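Peer 1: give me a model of this one.
(2 chains)
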Amino acid sequence: GAGVSQSPSNKVTEKGKDVELRCDPISGHTALYWYRQSLGQGLEFLIYFQGNSAPDKSGLPSDRFSAERTGGSVSTLTIQRTQQEDSAVYLCASSSTASSSYEQYFGPGTRLTVT
Amino acid sequence: QKEVEQDPGPLSVPEGAIVSLNCTYSNSAFQYFMWYRQYSRKGPELLMYTYSSGNKEDGRFTAQVDKSSKYISLFIRDSQPSDSATYLCATRNTGGFKTIFGAGTRLFVKA
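Peer 2: Predicted coordinates for the structure are as follows:
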């Protein structure tokens, strides 16, 4: 079956512009996660959605970052007024439920470059 | 101190060697231990996970957890050039969803 998909695969933007990153999780997966991976760094947790529950936003680095998940499926991560330090690979993952988060399926990521 | 520590390498071995990848963690509440493999410009993929202590084997891969020393290992037997990738250890506690990842170890297997 189809895996997690993300778009765009690459995004180059100018400092100060807003960007939107999209994630399509595996069909039927109720839990969805966003991570950020900077060069040589591990995965930094950003935000987590589980079903219709309020998302856990504890990992968002600043109020320039926001995310939503519509209809319990597709998610969009928005970064406003981008800064150069926002340059990274943004990874989305899903799991069948939150309790099975030990088995996450990742998308290929969106490589964001802020110039 | 990071909750999960992992040597970033790189680690270079000849084809056929046994590879040992390791992580340490600080929180004794962690119960699930995972290993992900990430090829260049791809998303991580789950190799295997274990619950609590003990060993788990899957083909050429063996995951080992020692909770007394808070040490987790991944062994790769008969390593192949196709095993060249970054290996990320990860952990979480029971009932929680938040997964803590190590920085990843880059492995190169030379033909």
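Peer 1: closest point of chain B to chain A, which residue?
Peer 2: Scanning chain B for proximity to chain A using Cβ to the nearest Cβ identifies residue B:43 as nearest, at 3.4 Å. Backbone N, C-alpha and C define where each C-beta goes, glycine included.
Peer 1: so that residue makes contact with residue A:111?
Peer 2: No: using Cβ atoms under 8 Å, residue B:43 makes no contact with residue A:111, being 11.5 Å away.
Peer 1: which of those two has more residues huddled nearby?
Peer 2: Residue environment comparison for residue B:43 versus residue A:111 gives the larger neighbour count to residue B:43, 23 against 16, counting by other Cβ atoms under 10 Å in any protein chain shown.
Peer 1: show me the contacts for the residue nearest the centre of chain A.
Peer 2: Nearest to the centroid of the C-alpha atoms of chain A, with distances taken as Cα atoms, centre = their mean, sits residue A:34, at 3.2 Å. If you count contacts by Cβ atoms under 8 Å, 6 or more residues apart in numbering or on different chains, residue A:34 has them with A:23, A:45, A:46, A:47, A:48, A:67, A:75, A:77, A:90, A:91, A:92.
Peer 1: element containing it, please.
Peer 2: For residue A:34, the element it lies in under DSSP states H and E is strand A:31-37.
Peer 1: the residue nearest to the residue of chain B closest to chain A when sequence neighbours are not counted and residue B:47, how far apart?
Peer 2: By the measure of Cβ to Cβ, 6 or more residues apart in numbering or on different chains, the closest residue to residue B:43 outside its immediate chain neighbours is residue A:106, 3.4 Å from it. Look at residue A:106 and residue B:47: by Cβ to Cβ, to the nearest Å, they are 12 Å apart.
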